[in-house]
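Enquirer: model this:
(4 chains)
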Protein chains: 2
Amino acid sequence: MADGAERQQTRRRGAALEEAILRAAVEELTASGYAGLTMDKVAARAGTNKNALYRRWPHRLALGIAAYRRLATAVQPPDTGSLRGDVLALLHGANRHWSSPLGAILRELMAAAGGATELLAQLQDQSADATAAPWLTVLGRAVARGEAAPEALHPRVATVAVVLLRNEFVVRGVPSVPDEVLVEIVDEVYLPLVRGRGGPVRPV
Amino acid sequence: MADGAERQQTRRRGAALEEAILRAAVEELTASGYAGLTMDKVAARAGTNKNALYRRWPHRLALGIAAYRRLATAVQPPDTGSLRGDVLALLHGANRHWSSPLGAILRELMAAAGGATELLAQLQDQSADATAAPWLTVLGRAVARGEAAPEALHPRVATVAVVLLRNEFVVRGVPSVPDEVLVEIVDEVYLPLVRGRGGPVRPV
DNA sequence: CAAGTAAGGTACTGTCCGTACCCTAAATCC
DNA sequence: GGATTTAGGGTACGGACAGTACCTTACTTG
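Expert: Now for the predicted structure:
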């Protein structure tokens, strides 16, 4: 044990040790991203060794994902009173998230997971349900107000805006998507779409 | 030089050598994907050594992208006579492409490129223009036929369907997206969107 | 034919994952 | 409370690969 972390008085076990490892992993992750998350460094920082890590996570990526999950928080649906306001708020939130260091880590993890479904599913930003939930909430209210057509209450439709935003990140390598693009997504695509074929259900 | 490839009679130079290296890289790429593309193996297969590779490409990813470009071909816009037919055809094509081994390689490369704009731009599947072109062509014809609103002739709007499809690949780790999903994207999202707020410009 | 340039050969550094093995502290069982 | 089982700790490797250095050798060009 490299004695960077002071030698433990009493040997930690089970949950306590797991906690310490995860904390160390989170620190490494925020400090150097997933690329800089090495098993040796995490073990050293947690004051343990790689055995303890591999006994709990089968490989580096699993540990990376577990650490990321400590950092990610669920999106709260906004309530600005208008659909356009809510949608822009959600989009701004997503843009901020993906632009943040945390978003960069998320993208690294997604890249590393490649097509591994069972790993991707653990990244909640990634889980279809978690993404769709706030959009459905917001849209539900808009439908009640007559600002959107009921057919729009469909995950595929409801999440179109955020999917387009994610696409901006993927396709351009940009660090952050400019506000004009968000507005364009909302006004050119999303609102026309959810208002349904016949224009606003009821003029707003 | 490991003598796997027969010893050259005469020493290749410049373009001839570059060609041989690229051919070897393409073979490695198709055989084992980007993950299996190692500089040592490419050099061995080309009957040369890593120096020749690094003299031409600064790192593995650059070589991987160069090799991929040999394999990718441009999308031809279909002309089925109806917008729905064209759109489904384009979507099927994209689905087939991304489901193919080649698509898997593309996804690996995109993942490896991360946010490196200048590298991403070299993956033409990735370049915004190359993606948008066939969609604009198809939509242009639809507008002329009165099947779509002229406002739809906007890259962001025109490419919505293929962006949603790509999202399916990214979010689920699926090997291939089922046809029902394509139809849903077209009927629930794309057609309502491009027909414009007032329903079909002219009944079809 | 001389000089310059690009290839070839080879060996090495450095990083890091994942594993193996053996020793020791802590919990658990009788 | 001692014996047994389980989990941690220390440490050392094996094995891949990227990327680099450096020297020798063939080809090209003036």
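
Enquirer: So for the lowest-mean-pLDDT helix or strand in chain A, what gets flagged as buried?
Expert: Lowest by mean pLDDT, DSSP states H and E among the helices and strands of chain A is helix A:117-120, with a mean of 85. Residues of helix A:117-120 classed as buried by neighbour count (16 or more other Cβ atoms under 10 Å in any protein chain shown): A:L119, A:L120. All C-beta spots, glycine's among them, are computed from the backbone N, C-alpha and C.

Enquirer: ok, now stretch A:76-94?
Expert: Here stretch A:76-94 shows A:P77, A:P78, A:L83, A:R84, A:D86, A:V87, A:L88, A:A89, A:L90, A:L91, A:G93, A:A94 as buried, counting by 16+ other Cβ under 10 Å.

Enquirer: residues contacting the residue nearest to A:D40 when sequence neighbours are not counted?
Expert: Leaving aside its chain neighbours, A:D40 sits nearest to A:K50 (6.7 Å; criterion: Cβ to Cβ, 6 or more residues apart in numbering or on different chains). Neighbour list for A:K50: A:M39, A:D40, A:A43 [criterion: Cβ atoms under 8 Å, 6 or more residues apart in numbering or on different chains].

Enquirer: I'd like these as a markdown table, with pLDDT and neighbour count appended.
Expert: Shown next, in a markdown table, are the contacts of A:K50 (pLDDT from 0 to 100; neighbours: other Cβ atoms under 10 Å in any protein chain shown):
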| residue | pLDDT | neighbour count |
| --- | --- | --- |
| A:M39 | 96 | 17 |
| A:D40 | 95 | 11 |
| A:A43 | 94 | 21 |
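
Enquirer: Which of those residues sits closest to A:A72?
Expert: Nearest to A:A72 among the contacts of A:K50, counting by Cβ to Cβ, is A:M39 at 21.8 Å.

Enquirer: The closest one reaches A:R60, doesn't it?
Expert: Yes: counting by Cβ atoms under 8 Å, A:M39 touches A:R60, with 5.8 Å between them.

Enquirer: Give the closest residue to A:T131 in space, chain neighbours not counted.
Expert: A:T159 (5.8 Å).

Enquirer: Please report the distance of that neighbour from A:A128.
Expert: 8 Å (Cβ to Cβ, to the nearest Å).

Enquirer: more neighbours, the two?
Expert: The neighbour comparison of A:T159 against A:A128 (other Cβ atoms under 10 Å in any protein chain shown) goes to A:T159, with 24 against 15.

Enquirer: can you pull the contacts of the residue positioned nearest the centre of chain A?
Expert: By Cα atoms, centre = their mean, chain A has its centre lying nearest to A:D125, at 3.2 Å. Contacts for A:D125 (Cβ under 8 Å, 6+ apart) come out as A:A72, A:H97, A:L106, A:T131.

Enquirer: what do you get for A:G114?
Expert: B:R107, B:E108, B:A111, B:G173.

Enquirer: same check, this time on A:A16
Expert: Counting by Cβ under 8 Å, 6+ apart, there are no residues that A:A16 touches.

Enquirer: How about A:S100?
Expert: Per Cβ under 8 Å, 6+ apart, neighbours of A:S100: none.

Enquirer: for the one 3 residues further on, same thing?
Expert: When the contact criterion is Cβ under 8 Å, 6+ apart, the partners of A:G103 are A:H97.

Enquirer: measure it to B:G103 for me?
Expert: 25 Å.

Enquirer: go on, A:I185?
Expert: 26 Å.

Enquirer: Give me the distance between the nearest residue to A:L71 once chain neighbours are set aside and DNA strand C.
Expert: Excluding the flanking residues, the one nearest A:L71 by Cβ to Cβ, 6+ apart is A:L102, at 5.8 Å. Counting by Cβ to the nearest atom of the strand, to the nearest Å, the separation of A:L102 from DNA strand C is 20 Å.

Enquirer: how many neighbours does A:L102 have?
Expert: 18.

Enquirer: would you say it is within a strand?
Expert: No: under DSSP: H, G, I helix; E, B strand; the rest coil, A:L102 sits outside any strand and is assigned helix.

Enquirer: who touches it in this structure?
Expert: A:T30, A:L71, A:A72.

Enquirer: now those: which count as buried?
Expert: A:T30, A:A72.

Enquirer: Between the contacts of A:L102, which sits nearest DNA strand C?
Expert: A:T30 (16.2 Å; Cβ to the nearest atom of the strand).

Enquirer: in what helix or strand does A:V157 lie?
Expert: helix A:155-158 (DSSP states H and E).

Enquirer: which parts of that helix are buried?
Expert: Those would be A:R156, A:V157, A:A158, for helix A:155-158 by 16+ other Cβ under 10 Å.

Enquirer: Tell me the helix or strand right after it.
Expert: Next along from helix A:155-158, by DSSP H and E: helix A:160-171.
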